[in-house]
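**Student:** Starting from these lines, generate the structure:
(one chain, ligands or ions: 1)
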Amino acid sequence: DKSHHEKRLLEQRLDGIGQIILVMANKGGVGKSTVTANLAAGLAQRGYRVGVADADIHGPNQSRFFNLVGQRVHLTPAGLGTRTCAHPALAHPIRVGSLAFLMDRDDTPIVWRDAYKHDFMHHLIGSFDWGELDVLLIDMPPGTGNELITLADLLEHQAVAALIATTPQEVALMDSLKAIRFCQERGLPLIGVVENMAGVTCPNCGEEFHLFPRAHLADALAQLEVNSIAQIPLSPQLALASDTGHPMLLEHPDSTEARAFAPAIDAC
Ligand code: ADP
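**Tutor:** Okay, here's the model as predicted:
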């Protein structure tokens, strides 16, 4: 029957994928998608075969970050074709699968009910032809809702780990702790926490300062036995690079921003 067939298809897909990394945040706008795109770029630059599945249903931005806006995919005998970001710095192009490629227009809002979202998670992984991948990064929707639970169930027998993006201020941190606890309760290995927008350098005097009041991040993480694996500065260049579809790690591999990502890439 249909569901059995779909399950087999999903299993076949997963067979070709080495490690799955769920990039999570418990709050929107902390830079989860930016972190995902740059990690993907950094891993691909090191020679890994990388895919990015954009599961952020309400804000599928990966097509923008990889300069793939307006691209469409079609069904082939092997499934939906992924779109690829090919860059001279990469040995293998990054494969991107996103709902954005299936929509007629890029500004269509998604108002799906949860049942449909459940299907979406299944389809996102199962329908796209990922080919052989060393790492598939999944840009998760914010929160620990339905999508996450669905995905954790789907990937039960897979090598899967989570990475959490947060900004260092108290409200975001408190939310992130929930995501950490979720992973711990589910037995999902945690790679660590990426602190985004962790500092700003004044363009005039070069002094570094913190935009947000520093939360007690180190203490909170130590209590939960989770590592902070990278501190990414708030950077106009990083924002511009993302918004124009040229991930900083590809275009400026020697930048301060790229260096800030390096320990997170090592940790993956
Ligand atoms: P999320 O996926 O958590 O909703 P995004 O990655 O889409 O967040 O980031 C939201 C916005 O903030 C984007 O315009 C992005 O370019 C910008 N942004 C993210 N991280 C940084 C950073 N470290 N410095 C500057 N801008 C950033």
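**Student:** OK, contacts around the residue lying farthest from the centre of the chain?
**Tutor:** Distance from the C-alpha centroid of the chain, by C-alpha atoms, centre = their mean, peaks at residue 205 (33.6 Å). For residue 205, the contact set (C-beta atoms under 8 Å, 6 or more residues apart in numbering) is empty. Placement of C-beta: from N, CA and C, glycine included.
**Student:** That one belongs to a strand?
**Tutor:** No: looking at residue 205 with DSSP: H, G, I helix; E, B strand; the rest coil, it is coil, so not inside a strand.
**Student:** Which pLDDT value belongs to it?
**Tutor:** With respect to pLDDT, residue 205 scores 84.
**Student:** ok, it to residue 232 distance?
**Tutor:** Counting by C-beta to C-beta, to the nearest Å, the separation of residue 205 from residue 232 is 21 Å.
**Student:** next one: residue 142
**Tutor:** 18 Å.
**Student:** ok, those two, which is more surrounded?
**Tutor:** residue 232 (24 against 21; other C-beta atoms under 10 Å).
**Student:** Correct me if wrong: the more buried one contacts residue 258.
**Tutor:** No: contact status for residue 232 versus residue 258: not in contact, 10.1 Å apart, counting by C-beta atoms under 8 Å.
**Student:** which ones are touching residue 75?
**Tutor:** residue 81.
**Student:** got a list of what the closest residue to residue 147 other than its chain neighbours touches?
**Tutor:** Closest residue in space to residue 147, ignoring its immediate chain neighbours: residue 141 at 5.1 Å, by C-beta to C-beta, 6 or more residues apart in numbering. Counting by C-beta under 8 Å, 6+ apart, residue 141 makes contact with 55-58, 147-148.
**Student:** what about residue 202, how many residues close to it?
**Tutor:** Residue 202 has 9 neighbours, counted by other C-beta under 10 Å.
**Student:** Give me the nearest residue to it, chain neighbours excluded.
**Tutor:** Per C-beta to C-beta, 6+ apart, closest to residue 202 is residue 209, 6.9 Å.
**Student:** among the contacts of residue 141, which ones are buried?
**Tutor:** Those of the contacts of residue 141 that meet the buried threshold are 55-57, 147-148, by 16 or more other C-beta atoms under 10 Å.
**Student:** Mind checking which of these land in helices?
**Tutor:** Counted as lying in helices by DSSP state H, out of the buried ones among the contacts of residue 141, are 147-148.
**Student:** ok, the buried ones among the contacts of residue 141 vs residue 198, which is closest?
**Tutor:** Set against residue 198, the nearest of those by C-beta to C-beta is residue 56 (21.9 Å).
**Student:** how deep is residue 10 tucked in, by neighbour count?
**Tutor:** 17.
**Student:** what's around the nearest residue to it once chain neighbours are set aside, how many residues?
**Tutor:** What sits nearest to residue 10 in space, not counting adjacent residues and going by C-beta to C-beta, 6+ apart, is residue 126, at 3.9 Å. Neighbourhood size, residue 126 [other C-beta under 10 Å]: 21.
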